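In: dropping a prediction and its sequence here:
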Amino acid sequence: MRRWWPLGVLLGGVGLLPALIAVAQLGRIHPDEVYQLLEPAWFRAHGYGVLAWEWRVGLRNWAMPGVAAWLLRLAEVLWLTHPVAYRALLAVPQVALHAWMLWAAYRYAERRAGISGGRFALLAMGLYGPVLVFAGRTLGESLSTAFLVVALEALDRTERPVRAGLVGGLALGLAVVARYGSAVVVLAALVWLAAGRRWRVLAFACLGGLGVALGLGALDWATWGKPFHSFFAYVDFNVLSGQAARQFGASPPVFYLWPFFSGLPLWFWAVVPQGVSSIRRRFAVPLPLFCAGVYLVAITATAHKEERFLYPALVLLVMAAAPALAALVLGRESARSRWGLGAMALATALLAGHFFPPGDLRGDQFRAIVAATRDDGASGLLIVNEGLWGAGGFFYIGKNIPWSTCDWPHDANFQQAMRDTRFNRAVTFEGRALAELRAAGFRVVGRVGRETVLARD
């Protein structure tokens with residue numbers, strides 16, 4: 001008992017942080033956070049919502065939005081009608097998943113650096129800036145990466161190969177269900193097992209993954225009318241046809257250089273020589289490192305690139321390097337040296353979150369949308385200085401009222417909203433169109449960060 005309570009405290013405290021940050025801040029790393037999970041779930045639960053084009057052609061599966069929809073129905077039963085309240089309810093399974101990921105990081109490091117090393121590695125992973133930013137978000141990358149860490153830790157074990165293979169295969173399958181791009185890591189993990197002649201683990205990993213695949217096929221059959229419809233549509237759109245690059249743009253391989261180097265903590269480079277020495281001595285590449293390398297090659301070779309695609313690789317690299325960091329820190333002779341070096345390493349891990357992901361999370365806008373639509377008198381909302389896919393959708397409005405977005409007062413949406421008396425609430429970013437809104441009868445009723453909230457009778 002004395003051995004486990006510090007670990008439980010670490011898992012509980014550090015595991016809660018990403019969800020607390022996401023719920024308190026709101027906002028979005030990318031529109032997919034809203035329109036590929038929250039908004040489809042809202043549509044399923046309430047019968048209305050904005051469905052992105054992927055949900056009309058069957059490019060996504062309904063697994064994660066389906067779970068979220070059931071939680072939203074539970075929120076109604078529990079009278080959780082405030083967007084922050086039901087967003088917090090959705091975070092509960094994410095907290096459990098994140099704690100599972102941190103437990104896996106601990107187990108992976110404990111086998112290499114002992115109990116104290118495992119605890120320190122857990123801290124290094126849990127306080128890694130990109131993890132704090134991403135892990136509480138409803139992005140495919142966030143959910144899938146947690147499953148990948150769990151899977152790779154399980155497949156790395158040498159004891160109880162049947163259980164290790166089944167758990168690893170199950171988690172790999174769920175990682176693909178959450179995000180089809182993670183199939184690259186799955187293939188890399190299977191190649192690694194085959195290269196190491198770990199045939200029993202490989203066989204049961206395939207068995208565990210097969211169970212998830214059959215479930216996905218049945219789900220697609222029930223929702224899209226054909227087994228694995230969403231997976232094949234995804235592969236065709238993103239890999240075979242080149243439509244993703246034509247529709248969303250293509251970037252050169254150097255696109256990932258800055259987010260890669262700025263996204264990794266500084267301590268990572270300090271342990272690289274130790275990691276290289278270990279690989280030479282054992283003639284083996286650690287599973288997370290191998291999978292991260294294969295995944296990096298794959299996304300670099302893919303024409304369409306986004307910074308968020310790097311997140312799984314960064315986390316797997318940190319997972320692979322954390323045991324070496326723990327050994328480096330705990331190997332210091334004096335307690336002062338250990339505490340100082342450890343604190344410096346954790347500080348650099350936190351700092352990486354300042355650079356990755358780049359861009360504006362717009363949390364103040366989402367909080368302003370919630371504030372503007374809470375009272376019963378809100379019958380329509382106009383969001384100024386934001387496009388449709390950057391806004392929070394019906395999920396954060398929380399009721400079935402008309403809403404639209406625009407950039408400038410001369411836009412058709414702005415002019416239509418000024419004439420339509422149902423639009424009696426407005427949110428404007430950085431004060432754009434304030435004069436025109438006032439001229440149409442709106443008055444300022446509050447400010448949330450850079451957002452101004454207006455209402456008219």
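Out: Perfect, thanks for sending it.
In: lowest-pLDDT helix or strand in the protein?
Out: Least confident helix or strand, the chain: helix 266-282 with a mean of 76, by mean pLDDT, DSSP states H and E.
In: who are the packing partners of the helix or strand just after that helix?
Out: On the C-terminal side of helix 266-282, the closest following helix or strand by DSSP states H and E is helix 287-301. Under the contact criterion of 3 or more C-beta pairs under 8 Å, 6 or more residues apart in numbering; DSSP states H and E, helix 287-301 touches helix 140-156, helix 183-195, helix 311-330. Using the backbone N, CA and C atoms, a C-beta is placed for each residue, glycine as well.
In: residue 298: which of the ones you listed is closest?
Out: Ranking those by proximity to residue 298 (C-beta to C-beta) places helix 183-195 first, at 4.5 Å.
In: ok, and what's touching that closest one?
Out: 148, 151-152, 155, 168, 172-173, 175-176, 201-202, 205-206, 209, 285, 287, 290-291, 294-295, 298-299, 312, 316 (C-beta atoms under 8 Å, 6 or more residues apart in numbering).
In: list the buried residues for that helix?
Out: 183-186, 188-190, 192-193 (16 or more other C-beta atoms under 10 Å).
In: please apply the same query to stretch 425-442.
Out: 425-429, 432-434, 436-437, 440, 442.
In: between these, which is closest to residue 96?
Out: residue 427 (33.5 Å).
In: that closest one contacts residue 449, correct?
Out: No: between residue 427 and residue 449 there is no contact under C-beta atoms under 8 Å: 11.1 Å.
In: between these two, which contacts overlap?
Out: Contacts common to residue 427 and residue 449, judged by C-beta under 8 Å, 6+ apart, are residue 368.
In: average pLDDT across the helix or strand harbouring residue 211?
Out: Assignment of secondary structure by DSSP H and E places residue 211 within helix 199-224. Mean pLDDT, helix 199-224: 95.
In: any idea of the mean pLDDT for the helix or strand following that helix?
Out: Using DSSP H and E, the next helix or strand after helix 199-224 towards the C-terminus is helix 229-235. Averaging pLDDT along helix 229-235 gives 92.
In: now helix 229-235: buried residues?
Out: Residues 229-234 are the ones in helix 229-235 that count as buried (16+ other C-beta under 10 Å).
In: could you do stretch 438-454 as well?
Out: By neighbour count with 16+ other C-beta under 10 Å, stretch 438-454 contains the buried residues 440, 442, 448, 451-454.
In: the residue nearest to residue 429 when sequence neighbours are not counted and residue 393, how far apart?
Out: Leaving aside its sequence neighbours, residue 429 sits nearest to residue 385 (C-beta to C-beta, 6 or more residues apart in numbering; 3.7 Å). Relative to residue 393, residue 385 is positioned 17 Å away (C-beta to C-beta, to the nearest Å).
In: on that earlier part again, among the buried residues of stretch 438-454, which lie within strands?
Out: Among these, DSSP state E puts 448, 451-454 in strands.
In: need those residues in CSV (columns: distance to residue 357 and pLDDT).
Out: Formatted as CSV, those follow (distance: C-beta to C-beta, whole Å; pLDDT from 0 to 100):
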residue, distance to residue 357, pLDDT
448, 22, 93
451, 21, 93
452, 26, 94
453, 27, 95
454, 30, 93
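In: now the residues you listed in CSV, with distance to residue 252?
Out: Formatted as CSV, those follow (distance: C-beta to C-beta, whole Å):
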residue, distance to residue 252
448, 39
451, 36
452, 40
453, 42
454, 44
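In: among those, find me the one that's closest to residue 58.
Out: So of those, ranked by how close each gets to residue 58 (C-beta to C-beta), first place is residue 451, at 35.7 Å.
In: from residue 386, how far off is the closest one?
Out: The gap separating residue 451 from residue 386 is 10 Å, by C-beta to C-beta.
In: over to residue 108?
Out: Taking C-beta to C-beta, one finds residue 108 at 42 Å from residue 386.
In: one more: residue 395?
Out: Distance from residue 395 to residue 386, by C-beta to C-beta: 15 Å.
In: tell me which of the two has more neighbours.
Out: residue 395 (28 against 20; other C-beta atoms under 10 Å).
In: secondary structure class of that one, three-state.
Out: Assigned with DSSP: H, G, I helix; E, B strand; the rest coil, residue 395 falls in the helix class.
In: that one and residue 75 touch, don't they?
Out: No: Residue 395 lies out of contact with residue 75 (C-beta under 8 Å); the separation is 11.4 Å.
In: okay, now the unreliable bits of this protein?
Out: Low-confidence segments of the chain (pLDDT under 70): 1-6, 275, 278-283.
In: which parts of it belong to which domain?
Out: In terms of domains, the chain is parsed into 5-355, 363-455 (source: automatic domain parsing).
In: now the longest one, how far from the centre of its chain.
Out: Taking C-alpha atoms, centre = their mean, to the nearest Å, one finds the center of domain 5-355 at 7 Å from the center of the full chain.
In: circling back to that earlier point, going through the contacts of helix 183-195, which ones are buried?
Out: Among these, those classed as buried by 16+ other C-beta under 10 Å are 148, 151-152, 155, 168, 172-173, 175-176, 201-202, 205-206, 209, 285, 287, 290-291, 294-295, 298-299, 312, 316.
In: next, give phi and psi for residue 410.
Out: Dihedral angles phi and psi of residue 410 (degrees, to the nearest 10) take the values phi -80, psi 0.
In: tell me, how many residues neighbour it?
Out: 10.
In: so where do the strands sit in the stretch 301-450 of the chain?
Out: Taking DSSP state E, counting those that start in this stretch to define them, one finds strands in the stretch 301-450 of the chain at 381-384, 403-406, 425-429, 443-448.
In: contact partners of the first one?
Out: Applying C-beta under 8 Å, 6+ apart, the set of residues contacting strand 381-384 from outside is 365, 369, 372-373, 391, 397, 401-407, 413-414, 417, 423, 425-429, 432-433, 437.
In: list the contacts for residue 257?
Out: Per C-beta under 8 Å, 6+ apart, neighbours of residue 257: none.
In: and it, helix, strand or coil?
Out: Quick answer, by three-state DSSP: residue 257 is helix.
In: could you check how far it is from residue 298?
Out: Distance from residue 257 to residue 298, counting by C-beta to C-beta: 16 Å.
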